[in-house]
Structures are given as structure tokens and as C-alpha cells.
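> sequence and computational prediction follow.
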Amino acid sequence: MTEATAPERSALPLTPGLTAALLTLLVGALCLLLQPYAPWLIAYPAGWTLPATEWVGGGLETILNTIKPTVRWFSWAISFPMSWANWVLAGAPWALVIGTITAIGWHLGGWRMALLGLVGFGFVLLSGYWRESMNTLSLVVVSVPLAMLLGGAIGLLANEVPRLRNPLQVALDAMQTVPTFAYLTPLLLLFGFGPVVGLVASAIYAAPPMARNVMLGLERVEPEVKEAGIMSGATRLQQLMLVEIPAAGRQIMVGVNQCLMAALSMVIIAAVIGGFDDIGWEVLLTMRKAQFGQALLAGLVIVTFAIVIDRMSARLALERERFDPRVSWALFGVGVATAAVLALTGTATPPDGIFAGAADAVDQTLGTFTAANGTALDAIKNGAMFYGLLPLRIGLDEAVLPFTWGFQWTQSMSLWLFAAGALAAMAATLTGRAMTGVHVLIGVGILETGVANLPWPFVLVAAAALAWSSVGPRFAVVTVLLLGTILVSGLWERALLSLYLSGSAVAACALVGGALGLLAAVSKPAWAILRPLCDMLQTIPLFVFLIPVLMFFQIGEFSAFLAICAYAIVPMIRYTREGLVTTPPEMLEAATASGATRAQIMWDVRLPYAAPTVLLGLNQTILYAFAMLVIAALIGTTGLGQSIYLALGQADVGLGVSAGAAMAILAFIADRLVQGFAEDRRRVLGLS
Amino acid sequence: MQDGPALAVEDLWQVFGADAASVFKSVHAERASASATAEALKAKGLIPAVRGVSFDVAPGELFVVMGLSGSGKSTLIRSISRLVEPTSGRILLEGEDILAANTRRMTELRRSTIGMVFQHFGLFPHMTVIDNVAFPLKVGGMSRAERHAKARPILEMVGLTGRDDAYPRELSGGQRQRVGIARSLAGDCSVWFLDEPFSALDPLIRRQLQDEFLDIRKRLNTTIVFITHDIAEALKLADRIAIMRDGEIVQIGTPAEIVLKPVDDYVRDFARDVARGRHAKVGSVMRADTGGIGPDDPGLTPEMTLEDALASCMTLYEPVPVRDASGTLLGVVHPGDLAAALQADSA
Ligand SMILES: Nc1ncnc2c1ncn2[C@@H]1O[C@H](COP(=O)(O)OP(=O)(O)OP(=O)(O)O)[C@@H](O)[C@H]1O
Ligand SMILES: [Mg+2]
């Protein structure tokens, strides 16, 4: 046990952080030593778990069955506007729809937006997915007003009844951290198969951003403006309707934009339930049939939708220029006229896709490409799996096999590894960085064991230690309690698997995204390229990320890993750059005047200053990774995401909701931890 | 209307903090003076922002409340208008106890009786100038054509014609405050609250608006409570001035009384930078006994400022007579007193 005693020998002051780290190390080492005698230290024994998922399932089913009649009635009521919207959108001649979108585009943003609408919807038409697209759009059209009503009501309620503010905030947080698929299972039970599930799920999912922005907007209305309303003799209702809500208009419009995007995203995700001939379903179907050209095309249609809706509705929140309404009417008129001419000439049905050839070509090219480069692609995949992901997951002791690494991991190698770690730790401690030393040792231990095989007492203690030093003792207790819930509910193993996959994705994102953010901060051309790419990646609905990775790497953990990275890397890039470029100029000038080189300025001035912002980026990256983890279950992951997805297939509410809650717990803890560290850094820098 | 004061404030307390009302009640009952109560409240972590303030404002009077930043001026005006609920005290608005008024009555009062102007204007960003001004009429249920017709002459009165359809963001600071003033006047208010209406403006515009404000005031003859932290502004506008410190009123008096007879150093400090001669009148240094009048009569009247009086008595050393417009002798002034009054603050 040299490794544990080495740091203690030095006469360094024991800060609380160091104490926590040492305690963690001690527990880890004990677990490793005792493992042969007490295997229950590693694998939490099944006998100690409670049938929590069944209880949750039973309880929920009772509740759900009680409210079912009401809900079914609601479902019946909502099916009317839905079928009307569907009838209007899918039934209207395509020329009319495109004309209307173009006219709205002009109204919102002049010729740029008009052109965007025309080209975007023109592409949708030519893709041959017109009918499916209109089905999707009609779901969005009905769910967004619902979400806006729901979100607006929550926002207003929080505004009017201050006591409800905090509980509502917590509820909104939960609504957004519970993974998307987890919503679907109880809804499925309530509403039965069909598009209403997607509709309601997207209304629920899209309500929080609306509520948040309504709250924020109302809160930010200048106090004097509110008081001027009161002193003018407006009743409370008049104050709200005539003064506060209009004055908060911009912020509320930001909410509308986010609400639209969330609704679109969820409508597409809900396609996994099936039963509705929409564009998300088309992506799934073609993906399953390995028709990647078609899947890509359908995916592009979704992306086009997302971009058109996002850019147009984003205009709502900007200072409005006034565009000549006559042009809008003219554009609309052109749409009507074209529709009439097409109807008269009997060619009103949307054309078949003109890209079918292109899609086939993509398939073929892909076929030849994978045939030609199959070995290379496999090499990439296997390399990443065998030398990266697998050791992280099951540890060096199990992952290093003659078959892959060319030799067998032995007991003595473990000892050597630990000895090397202990030496490094000792060196770090002697040079005054005891904390680094302890971290190195813990890292070595994790590498040897593998995340999925970590002893549970160690994980609990480590999480508590982190929680303690980041937020405080109370949060440490909360963390242990929450993780304990996962432990006893029998979802522990899966939670660790989820932790491993999202953890490695986050680590990769932090490295690559951090580097790209750094690059973007120092080089304008690099940012000019990265920025639209980031915008694009953030607009794309989660689903679509799966297509390209599937095309090259087939189903499996590596593909899931890549998809998660592709989605979660954006905040890391953005925030890193943001943090670095916002260093106050006088600080840079002072550093330059002191004779620091560019590299020294970057390392000693800009990076420390950017640290809190970068940490917030990391926080976002973690949340993004968790969100994508569930979607990635579609293409083969293990862990909680998979459970949620399976539960959806089997309509197993207990499992679905418990696994969803477990995932939300992990996300919640990670979120608070990183926020805590960011807050700490800000305090050190005197920024808060 | 009744003959009493237009606004009477009696022992008004505004305490901020958790459970302020009940803590105040128990603390106040046990203590004799306002300052003792305030100390006890502060010891309990509460903020006594207004401490037992009382004053009357006569109909048509322009009453200025002055004090340093944080002395509780805004809080005072906000509790009088019930933007915050006073902790204790009585407020009589034209004889009506408005702390007893219910929400509906308060709304009514705000539509018809009370007008308010804010330091940062508080204009509605999403409404045009005319809609801003007509807003109190709109919430009162007046039709669009009617309220616009009523708002236009008001806009004219504050010197804003032709900008009806502009939005607040398109106006300069001075223009914005004109809109704010116009809006507060739209309801034909008889009691007018202004919380540092000109503090956010630069000095030139401020002076211009002060002059226009006096003009408007002459025409409307409303009762006014005007808040400022600028002594020059207070002296220029006020009929009477109340000086606030730490939530209490330390002195109420006419501009001359404030300048010439400050009750303590706090008030004296305010007046230090003021050219007293311009604000104090001959009447304040006049003596009633008419003995020993010298041969010269420079023609002093009680309303003359000390500065002007001194200018016309430069070469005189003996007492001079003070007469009213009809020439009746009212009293005498010793030229030495004039000089002494002007120098009193440097002592
Ligand atoms: N809602 C509130 N809650 C707690 N304390 C308050 C509140 N409003 C005002 N205060 C406190 O009351 C005191 C008086 O504030 P007030 O705004 O009335 O001062 P003021 O004289 O108007 O100053 P200024 O010239 O800066 O406007 C301050 O200490 C302030 O912090
Ligand atoms: Mg104030």
C-alpha cells in the first residue's frame, strides 16, 4: 500500500479537497485489496436490490389507469385539430404551401427569408417526401400552440405566485433532463399507439423553454415600466396583457423559437413509436433497411425543416424591420395561381423525388467505398474500441489480451503500473502538488479496473468527495442518496455503462472541442469555418446524427460514441472560444507589457480567465451527451439508454421511468458538480 | 373640495425584510422614539427605509423631498402611492384614507387622481408616444379616437408635437421625460408625484425642463410631491422642502428657512454650495422696529432676494427701510445683517 501512504508522509497541509481525495483513494485501494475475499464490493449483489422498477411500474400503472379515461377524452379532442391541420397541410396543393411559407419568410425577414423558405420547401418537394413532411409539420403545428399555452401558463403562474417559483423551476429542470424516450413510455400506455403520443410528448418537451423564457422575460421588464403600468391605473390583468407581456415580447419570442425547435425534435424522435407516416419514420425505416442514400435524403429534409423553422422564427426575437406587406400578398398570390394552374392541368400531385438517382448513387458509392476501404474503416473502429473504449470500460486487466494487444495482462504488470503511478504521485507530492499526485493514483486505479467494474463503495465515496469539494456537504449527502437509489433499484450496472460511454464521449469532446475552441479563438479563418458548422450541428435534430455514422461504421458502440461526440462537441467549442476571446484587453496588454510571449499569455492569462466559461461549456457538453446517449440506443449501446429504449418497445412503464429517472439523476449530479466548480473558479477570479 | 391638506402623511413607516409588519408592531410598542425603534429593527436584520414620517401638503403646493442617495425618498413616494405596502401609518389623500382603499378603489384613484413620473421614465417600449400618453385613458376604457384626441393637447403642452408615432427608443432623454410627464397628466390628476424626474438628464436639458415644469404647474395648479437630490433644483422649484436623512425627515421649511436656518450640520451641508443670496428673501432678515433709519431709501421690498438687496445697499452702513408695493413701511434691514446672512455658512 505504498501508494496510499506516500502522499501522507509529506508535511503538507491537509486541505478539505485533499482529505476528500485521499479518502477516495483509500476506499478504492481497500476495495481492490479486498476484492478476492469480498466479491460483493465490485458487483452489487442482486439479492440486495429492491424491486424498485416493479414498484414504480405498478404505482404508475395504477395512476395512469385512473386518469386514462380523462386522457383518452383529451386524446379524442386533440385528434380533431390534428386531423384538420393534417388535412390542411397534406391536402393543400404544394404550390400553395410553398407560396405561403415564402410569403411568411418575406414578412419576417425580407428577401433572404423568402428565398430560404422557397429553396427549403422547394427541396422538400423535390425530395419526394412531401406527404411525409407535411404529416410531420402538421404534428408540429398542433403541438407548438399546446406547448406555448402550457409553457406560457407555467411561466405566468411562476410570475404571479412567487412561492411556486422554485418548485416550478425544479419541475422544469426535471422535464428537460429526463431523457426524451423516457417520456414516451407512460404516454404510450396512456394514449395507445398513434400520433397523439408524439403530439403530447412534444408539447410536454417543448413547454419548458417557453416557460423559462416567459419567466425570464417578465422578470426582466424594467421595474419602472411595471410601476408605470400600475400607476396608470391598470388592473393586474391589464398590466400583464398590455404592459408586461408585450414589453417582454422579444424574450418570449426567443422562447417561441426554442419551443418550435424542441417540438420538431421531439416529433421526429417520437417516430420510433411508429404508426404515423412521417419523415422521422422514413429515416428510421430506410436506416433499418440500410438504404443510406434514402436515409440521408430524408435526414436532409429534416435538417432543411429545422433550418427554415429556426432561422425564420429567430427573426421574431430581433428588432423588426417592416417589409412591404404587398410583396407578401403577391407571393401568396403566386402560390395560389400556381396551385390553380396545376389543378386545372391535372398535375397537382407532388412530384416523385428527383433525387432517387442521387440516393442510389450515394448507396453505390458508399458500397464501393466501404468495400475498398473496409479494412481501413474497421481498423479505425477496432483501434478505437480495443485501445480506447474497451480498456476504459472493463479495465486494462481484462481488455489487454493476446488477440488484440499481442500480450496478456498479468498480475505483475498491474503491480508495475501501480508502482509507476505511485512514483509519479510521489514526485508530484514532493514538488508541492499533492492533489495532482492523488488524482494520478486514482486515475491509474480506474484505468486498471475499468469504469464498468468500479467497486460501488468507491464510486459512492468518490462522488461524495467531488460533491463535497464542489458544492458542499449537503450536496454530498444528496449525491450519495440519489446514487444509492440507483444502486438499490438494480440499475447500477447499467448506470455505470452509461457513465462509461457518455464519460468517454465527454472526455473526447473536451479534448477535441477544447482544441478546436482554442484554434477558433486564435485564428479568425478557423472560426469562420467552425461557426456555421456549429450552428448547423446545433440545429440538426438528434436523430439525423445517426445516419452518417451508421453509413461508415455500422451498428455498435463505436458508432454510438461518434454520434454522441458529434452532437456534444459543439458547446465545448463555443464556450472555449467565448471564454478565451472575452479576456479583458487591459489584462492582455498588461501581460504583453510585462514581456510575456503569446504562448505565455495564452497559458498564464487567457486560459485561467476562461476557465469558468470553459467549465460551463463542459457542463453543456455533459448534458448534450446524456441527451444523445438515449437516442444512440437505437444503434446499439448498452446501459440505461438501452433499457429506456427496450422499455418503450415492451411498454414497460416501470423500467422506462426508473431508467429515465436514473439517467436524469446522473445528469443532475454531473450538472451541479461542474456548475459548482465553475462557480468556484469565478469566485477565485472575482467574477461573481 | 375639502379645505384640509391635499395630502397628509402621519407617522409613516416602511420596513423591509421578512415578516416586517409583525416584528415592527412588537418592537414599536415597546419603544418611545422613532430612532429607538429603527435601531431595534436594524438589530433584527430588517431595513427601516422610512421611519415615522409625517407631513402635510396643501392643495396646489409644490412640496419637494430632498436627501442623499439611499435616504428613503423613493421608498417614501412609493409607499404613499402604495407601490409598496406601508408597514404602518396613515395617508390621507384629499381626506380619504387610502391605506383603507381596496384594490379597485386604488386603481380608480390612480386613473383619476394620482399621477406619477419616474426617474428613468418608465415608458412602455412597445407603444408609440401617443399610445404611451393615452395609456391611463385606455385602461380606463376610453375609445381609441377619444383618448388620442385627449392626449394630443397634452403632448403639445409638454412641447412634443409631431412625434406621436415615434417609439420611445427613437427619442432623446429629454423628449422621453416629456412623454413621461404627459402620460402622468393624461388622467387629469390632482396629486402629482415626481421621483427625480430630471436627474437622468444633462444639466442644460434639466434646466429647460424645470422651467417648462413650472409653466405647466402654473397652468394646472395641481398638488405636487417632487423628489430630488439636487439642492439647486429643490430651491428653484419648491414652495416647501422636506430634508430626509436615513428615512427620517430632519427639517421641513421654505427654501429660505432651509438655507438660512438649517437645523443641523446635515442640512447645512446641503446648503453649503448654494449662493444663498439668490434664494433667501429680504423678509427673512428684516427687523420690525423701525428706529434708526438712515437717510437713504434704496427701495427694498420683502420679496427681494438678498443678493439684489445687497447690490443696492453696497455703499450704505445705516439701516434702510423696507416697504411693500404701496409704499407702506414694513420694517428695516441693517446692511450688515445682509452681508452676515450671506456669509453665515462659511462660518
Ligand atoms: N424593496 C426593498 N427591499 C429592501 N430594501 C429596500 C427596498 N427598497 C428600498 N430599500 C432600501 O431602502 C433604502 C432607501 O432606498 P430608496 O430607494 O428609497 O433611496 P432614495 O433616497 O430614493 O435613493 P436614490 O437617490 O438613490 O434614489 C435603501 O437602503 C434601500 O436599500
Ligand atoms: Mg430614488
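The structure has been received and is ready for your questions. Numbers count the residues shown, from 1 in each chain, chains lettered A, B, ... in the order given. Ligands and ions are numbered 1, 2, ... in the order given.

> find the nearest non-adjacent residue to the residue nearest the centre of chain B, please.
Closest to where the C-alpha atoms of chain B average out (CA atoms, centre = their mean) is residue B:64, at 1.8 Å. Nearest residue to residue B:64, sequence neighbours excluded (CB to CB, 6 or more residues apart in numbering or on different chains): residue B:238, at 3.9 Å. For glycine as for every other residue, the C-beta is placed from the backbone atoms N, C-alpha and C.

> quick check, the one you found in contact with residue B:63.
Yes - the pair residue B:238 / residue B:63 is scored as a contact, 7.1 Å apart, by CB atoms under 8 Å.

> find residues that contact each of the two.
Residues touching both residue B:238 and residue B:63 (CB atoms under 8 Å, 6 or more residues apart in numbering or on different chains) are residue B:226.

> now the least confident helix or strand in chain B by mean pLDDT: buried residues?
Across the helices and strands of chain B, mean pLDDT, DSSP states H and E gives its lowest value to helix B:335-343, namely a mean of 73. By 16 or more other CB atoms under 10 Å in any protein chain shown, the buried positions in helix B:335-343 come out as B:335, B:337-338, B:341-342.

> can you list contacts of it?
Helix B:335-343 has contacts (CB under 8 Å, 6+ apart) with B:260, B:276-277, B:280, B:284-285, B:287, B:306-307, B:309-310, B:313, B:316-320.

> now the buried members of the residues you listed.
Neighbour-count burial (16+ other CB under 10 Å) applied to these gives B:260, B:276-277, B:280, B:284-285, B:306, B:309-310, B:313, B:316, B:319-320.

> closest one of those to residue A:128?
Nearest to residue A:128 among these: residue B:276, at 89.6 Å, using CB to CB.

> follow-up on the earlier one: can you tell me which of the contacts of helix B:335-343 are in helices?
Judged by DSSP state H, the subset of these located in helices is B:260, B:306-307, B:309-310.

> list just the nearest of the residues you listed to chain A.
Chain A has its nearest neighbour among the ones in helices among the contacts of helix B:335-343 in residue B:260, at 36.4 Å by CB to the nearest CB.

> where along chain B do the helices fall?
B:20-30, B:34-43, B:73-80, B:103-112, B:129-139, B:144-157, B:173-185, B:203-220, B:231-237, B:255-260, B:265-271, B:306-312, B:335-343.

> in CSV: the ones you listed, plus distance to residue A:37.
Formatted as CSV, the helices of chain B follow (distance: least, CB to CB, whole Å):
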stretch, distance to residue A:37
helix B:20-30, 62
helix B:34-43, 62
helix B:73-80, 71
helix B:103-112, 74
helix B:129-139, 79
helix B:144-157, 87
helix B:173-185, 80
helix B:203-220, 85
helix B:231-237, 85
helix B:255-260, 89
helix B:265-271, 80
helix B:306-312, 101
helix B:335-343, 98
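
> get me the contact residues on the stretch 201-347 of chain B for ligand 1.
residue B:229 (CB under 6 Å from any ligand atom).

> show me where pLDDT drops low in the stretch 201-347 of chain B?
Under the criterion pLDDT under 70, the flagged ranges of the stretch 201-347 of chain B are B:273, B:275-279, B:342-347.

> return the distance of the residue of it found nearest chain A relative to residue B:93.
Residue nearest to chain A within the stretch 201-347 of chain B: residue B:225 (13.2 Å; CB to the nearest CB). Using CB to CB, to the nearest Å, residue B:225 is found at 11 Å from residue B:93.

> who has more neighbours out of these two?
Set residue B:225 next to residue B:93 and count neighbours by other CB atoms under 10 Å in any protein chain shown: residue B:225 wins out with 25 against 22.

> show me the chain divided up by domain.
Going with chain A. Using automatic domain parsing, the domain ranges for chain A come out as A:53-91+A:138-290, A:489-688.

> not quite, go with chain B.
According to automatic domain parsing, the ranges for chain B are B:56-274, B:277-343.

> now the ones you listed in TSV, with distance to residue A:390?
Below are the domains of chain B laid out as TSV (distance: least, CB to CB, whole Å):
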stretch	distance to residue A:390
domain B:56-274	59
domain B:277-343	88
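
> and the ones you listed, which is most packed in?
Of all the domains of chain B, domain B:56-274 carries the top mean neighbour count, a mean of 19, counting by mean count of other CB atoms under 10 Å in any protein chain shown.
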